[in-house]
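J.: Predicted model follows, preceded by the sequence.
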Amino acid sequence: MSDKDEAMTTSETAAGATDTLAARPEGETLLRVSGLKKHFPVTKGLFKRQVGAVLAVDGLDFDVRAGETLGVVGESGCGKSTMGRLITRLLEPTAGTIEFQGKDITHLGTGDMRPLRRDVQMIFQDPYSSLNPRHTVGAIVGAPFRLQGVRPEGGVKQEVQRLLSVVGLSPEHYNRYPHEFSGGQRQRIGIARALALNPKLVVADEPVSALDVSIQAQVVNLLDDLQAELGLTYVIIAHDLSVIRHVSDRIAVMYLGKVVELTDRQSLYNKPMHPYTRALLSAVPVPDPRRKAAQGRDRILLQGDVPSPMNPPSGCRFHTRCWKATEVCAKKEPPLVALETGHQVACHHPENAADQEPGDTKLLTDLPPQATAEEPTPTTTKN
Ligand SMILES: Nc1ncnc2c1ncn2[C@@H]1O[C@H](COP(=O)(O)OP(=O)(O)OP(=O)(O)O)[C@@H](O)[C@H]1O
Ligand code: SF4
Ligand SMILES: [Mg+2]
């Protein structure tokens, strides 16, 4: 284990992990993302006329520092995977820039990207579909060497067997096929493949969500150990706040293609500033009833579905579901601003801040229905 929490236990994956970590010292910026967008065109008819676009990622700004884990969390469809595929350059961005180690890689072609592929690797969500069933474990984990034309000292076989040991598998698994392994073991094979070329940045898209809860903790702890041993930098995408809490140094919360809050783990869990983050956190089960009472956590039930990313709401995208929304929220998009503490939040009336009250403008909930087309519908219930 690194300087993070003590090893994650099975019950922590199912509920909340304890928070004991002091903030990790800041490393140099490894990855810098500015104004990043990905709009997928929506076409219609024989001639595939474009009739709209899915604004999957719609203006992201964030840094990833060497040696840290940036957790990315948000509801289904908010653009997490698209963001992961953009920063690993598996998708071409519509706008914005991506810098890796100070170099602009936003529009590098396949040839220019080849050396970078060694430094930036991805672990995929589904260990069942991400491994070719017709290839042996040796061929799968050894593929990056062949693709990059790299000949490790001692040969590919020996290096693959070493990698299998590193991720907790047996070197004898070299000639076996993926179907002979459990989900957790398959994810270890995927991790070994990602580590083959000694990457600097690993982007893991929901690395444990397809696994049984009892196995999740093992894989999360493996990722932690590998980071400490190999000095890896992670971007870990997950919708499970317990997993994100355990693995992350800093956390970005996404809503409808935007980052709405970004800060270190302790600030986010202890003093969330964006109402959406507060709602997400209120839904995480707290195993100890005394702790729950001490935190005075009211469960906030967000009403309605996430709006369509084809036609996001005006102003603050969360205003159709926010219990604090005022007129300004529906009209003006709040920028993601960094406070003195380094906490970044995009909200006109943030929580845990001096100006958190809506002030002299009226809550949208207080206005008559005709005054607003998209009325927020708040509900708070005692959990
Ligand atoms: N290739 C594509 N073409 C068109 N739309 C896409 C494409 N890929 C993703 N989308 C849309 O972009 C939006 C964001 O998708 P994305 O997969 O990034 O979300 P996510 O946050 O990873 O969700 P989940 O938690 O369910 O994995 C969704 O509305 C999705 O339907
Ligand atoms: S208070 Fe306004 S700006 Fe803040 S999240 Fe709610 S709707 Fe958005
Ligand atoms: Mg996804």
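T.: In hand now; what should we look at? Ligands and ions are numbered 1, 2, ... in the order given.

J.: Of all the residues in stretch 196-215, which ones are buried?
T.: By neighbour count, with 16 or more other C-beta atoms under 10 Å as the criterion, the buried positions of stretch 196-215 are 196-197, 199-208, 210-211, 215. Where C-beta positions appear, they are placed from N, C-alpha and C, glycine not excepted.

J.: Which ones among these lie within strands?
T.: Secondary structure from DSSP state E places 201-205 of these in strands.

J.: Output the residues you listed as CSV; include the columns distance to residue 305.
T.: CSV is the format used below for those (distance: C-beta to C-beta, whole Å):
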residue, distance to residue 305
201, 33
202, 32
203, 27
204, 27
205, 22
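
J.: Mind putting those residues into TSV with distance to residue 43 and pLDDT?
T.: Output for those, formatted as TSV (distance: C-beta to C-beta, whole Å; pLDDT from 0 to 100):
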residue	distance to residue 43	pLDDT
201	34	96
202	34	96
203	29	97
204	32	96
205	26	95
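
J.: Identify, from these, the entry nearest to ligand 2.
T.: Nearest to ligand 2 among these: residue 205, at 26.2 Å, using C-beta to the nearest ligand atom.

J.: give me every residue that touches that closest one.
T.: 80-81, 84, 122-125, 237 (C-beta atoms under 8 Å, 6 or more residues apart in numbering).

J.: switch the cut-off to 7 Å
T.: Residues near residue 205 by C-beta atoms under 7 Å, 6 or more residues apart in numbering: 81, 84, 122, 124-125, 237.

J.: Ok, residue 156 next?
T.: Applying C-beta under 7 Å, 6+ apart, the residues near residue 156 are 142, 145.

J.: mind listing the strands for the stretch 51-200 of the chain?
T.: For the stretch 51-200 of the chain, applying DSSP state E, counting those that start in this stretch gives strands covering 69-73, 95-100, 103-104, 120-123.

J.: Packing partners of the third one?
T.: This points to strand 103-104. Counting contacts by 3 or more C-beta pairs under 7 Å, 6 or more residues apart in numbering; DSSP states H and E, strand 103-104 is packed against no other helix or strand.

J.: Now do it: distance to the chain's middle.
T.: 22 Å (C-alpha atoms, centre = their mean, to the nearest Å).

J.: again, but for the longest one
T.: Using C-alpha atoms, centre = their mean, we find the averaged C-alpha position of strand 95-100 to lie 18 Å away from the chain's own average C-alpha position.

J.: how about JSON lines for the ones in strands among the buried residues of stretch 196-215, with distance to ligand 1 added?
T.: Shown next, in JSON lines, are these (distance: C-beta to the nearest ligand atom, whole Å):
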{"residue": "201", "distance to ligand 1": "19"}
{"residue": "202", "distance to ligand 1": "17"}
{"residue": "203", "distance to ligand 1": "12"}
{"residue": "204", "distance to ligand 1": "13"}
{"residue": "205", "distance to ligand 1": "7"}
